[in-house]
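S.K.: Test case, fold it:
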Amino acid sequence: MLKETDIRTRISPLKKEETVRVLEKSLHDLKHRRQVKQAILAVETLDSSFSWVGTEGLARPDGTPMRPDIPFWIASVTKLYIAATVFKLQERGNLSIRDSIATYLPASLIKGLHRAGNVDRSEKITLQNLLEHSSGLPDYLEVRRKGGRSLFQELLEEGDRRVSIEDIVDIIEAANSPLFPPQPVEARRKKVRYSDTNYQLLIAIIERVSGRPLQQVFEHLIFEPLGLKRTFLPGTDSARNFPEVASVWYRDKELRIPEAMNSLKDLYSSASDLLVFMRALVQGTLFSNPDTFDLRTQTWNRFGFSLSPVGPGWPVEYGQGLMRFRLPRFLTPFRPVPEIIGHTGVCGSWLFYCPRLELLLTGSVSQLSAGPVPFSFLPRLLKALSPYLA
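M.R.: Presented below is the predicted three-dimensional model:
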């Protein structure tokens, strides 16, 4: 068993010993789940009085052990960064989330994007609809095309390819199957359905508004202000500074689809960088106005039941770029599990904040067949940690 841990703490020796024992066992259990080749787990209190990160397994098939400093693919955890960027651009007066996407994207791109029969509601979609998954647009990765296969299946089973925003729009337009009308922004309860299409459109808007590629926007608005040194988009100049990254797996096969990974525009990062970002998000220090992305003012809408291979369903709730996960009381009648706010990714990655314990949590198993793992692993971890950190 390959394992590396790092501990920084000012809590009592007894609590430290018990907490570390829980974390080490949890990491070991995480690594030994089915088809998991590597695991990383990191927790830190909001006041930084306790910090722990551990790794197990191999970073790559060549035998390189996983280490805390090796960047790993965070998949849809990147949506936290995209949403934060949108709100920073709004602070600067570059856009408004209440605006129609037609304000920022050309008609040639969005015409027919949300069409049901002869009714085209594409211009009714706002940036807020995209942020909270209330647009009604299906997920371009899941839409079944000719032969009954989705793009997600094709990328995993048939090989690499680049996918542009125009390709994504073509897939959605050809499907001509919106899930529901764009929801009114003022509605208290909205229909929501997780869809990567929404965030690809937000990326296109960010790049158009700023006149820069996403990596440069991230660097200017997030990475440099927060001092994030090990966070980057694959395929960019910044990625070349990190030849050693953790592999992503699909079952027993290392996933080698660099063109597709570049197209998805999901970040690589390290556990320490992720925790720095989440702390800045929770405390509001990333923004000029600390209330810009206030967790307390988020409006949450619950996803329905879903068998999606790429997105979450019930009982996960969604705000504007944030998930809230709390198990219903009937599932934990004797000792409720604290709620957590943040995001997960399709490869079993996560970045969350637990308000009750004032705890930041991140990690990954880098396995595309293990996307739901955070939703089973984290409740058990939080229940085990509560006696020592509450």
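
S.K.: what sits up against stretch 302-309?
M.R.: Under the contact criterion C-beta atoms under 8 Å, 6 or more residues apart in numbering, stretch 302-309 has outside partners 139, 142, 152, 192-194, 312-318, 346, 371. No exception for glycine: its C-beta is placed from N, CA and C like everyone else's.

S.K.: Sort out which of the residues you listed are buried, if you could.
M.R.: The neighbour-count test (16 or more other C-beta atoms under 10 Å) marks 139, 142, 152, 192-194, 312-313, 316-318, 346, 371 as buried among the contacts of stretch 302-309.

S.K.: Farthest-apart pair in these, please.
M.R.: With distances taken as C-beta to C-beta, the most widely separated pair in the buried ones among the contacts of stretch 302-309 is 152 and 317, at 23.9 Å.

S.K.: hang on, the earlier thing: any chance of the buried ones among the contacts of stretch 302-309 in JSON lines with pLDDT and secondary structure as columns?
M.R.: Compiled in JSON lines, the buried ones among the contacts of stretch 302-309 are given as follows (pLDDT from 0 to 100; DSSP: H, G, I helix; E, B strand; the rest coil):
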{"residue": "139", "pLDDT": "96", "secondary structure": "coil"}
{"residue": "142", "pLDDT": "93", "secondary structure": "coil"}
{"residue": "152", "pLDDT": "92", "secondary structure": "helix"}
{"residue": "192", "pLDDT": "97", "secondary structure": "coil"}
{"residue": "193", "pLDDT": "96", "secondary structure": "coil"}
{"residue": "194", "pLDDT": "96", "secondary structure": "coil"}
{"residue": "312", "pLDDT": "87", "secondary structure": "coil"}
{"residue": "313", "pLDDT": "85", "secondary structure": "coil"}
{"residue": "316", "pLDDT": "95", "secondary structure": "coil"}
{"residue": "317", "pLDDT": "95", "secondary structure": "strand"}
{"residue": "318", "pLDDT": "96", "secondary structure": "strand"}
{"residue": "346", "pLDDT": "96", "secondary structure": "coil"}
{"residue": "371", "pLDDT": "92", "secondary structure": "coil"}
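
S.K.: With respect to residue 233, which of those residues is nearest?
M.R.: residue 346 (16.6 Å).

S.K.: wait, what's in contact with the closest one?
M.R.: Under the criterion of C-beta under 8 Å, 6+ apart, the neighbours of residue 346 are 75, 76, 309, 310, 311, 368, 371.

S.K.: Buried members of these into PyMOL, please.
M.R.: Listed next is the PyMOL selection for buried residues among the contacts of residue 346, using 16+ other C-beta under 10 Å:
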select buried, resi 75+76+309+310+311+368+371
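
S.K.: So which of the contacts of residue 346 sits lowest on pLDDT?
M.R.: Lowest pLDDT of the contacts of residue 346: residue 309, 75.

S.K.: measure residue 154 to residue 195 for me?
M.R.: Per C-beta to C-beta, to the nearest Å, residue 154 is found 18 Å from residue 195.

S.K.: Check residue 47 too.
M.R.: For residue 47 relative to residue 195 (C-beta to C-beta), the value is 37 Å.

S.K.: and what of residue 254?
M.R.: Using C-beta to C-beta, one obtains 28 Å as the distance from residue 254 to residue 195.

S.K.: Which one's more surrounded, the two?
M.R.: In terms of neighbours (other C-beta atoms under 10 Å), residue 195 is the more surrounded of residue 254 and residue 195; the figures are 26 against 12.

S.K.: quick one: low-confidence ranges for the stretch 151-300 of the chain?
M.R.: In the prediction, the stretch 151-300 of the chain carries residues with pLDDT under 70 at positions 296.

S.K.: Skipping its backbone neighbours, what lies nearest residue 216 in space?
M.R.: With sequence-adjacent residues excluded and distances taken as C-beta to C-beta, 6 or more residues apart in numbering, residue 216 is closest to residue 210, at 7.9 Å.

S.K.: Can you report how many residues neighbour the one you found?
M.R.: Residue 210 has 18 nearby residues by other C-beta under 10 Å.

S.K.: what do you get for residue 125?
M.R.: Burial measure for residue 125: 26 neighbouring residues, criterion other C-beta under 10 Å.
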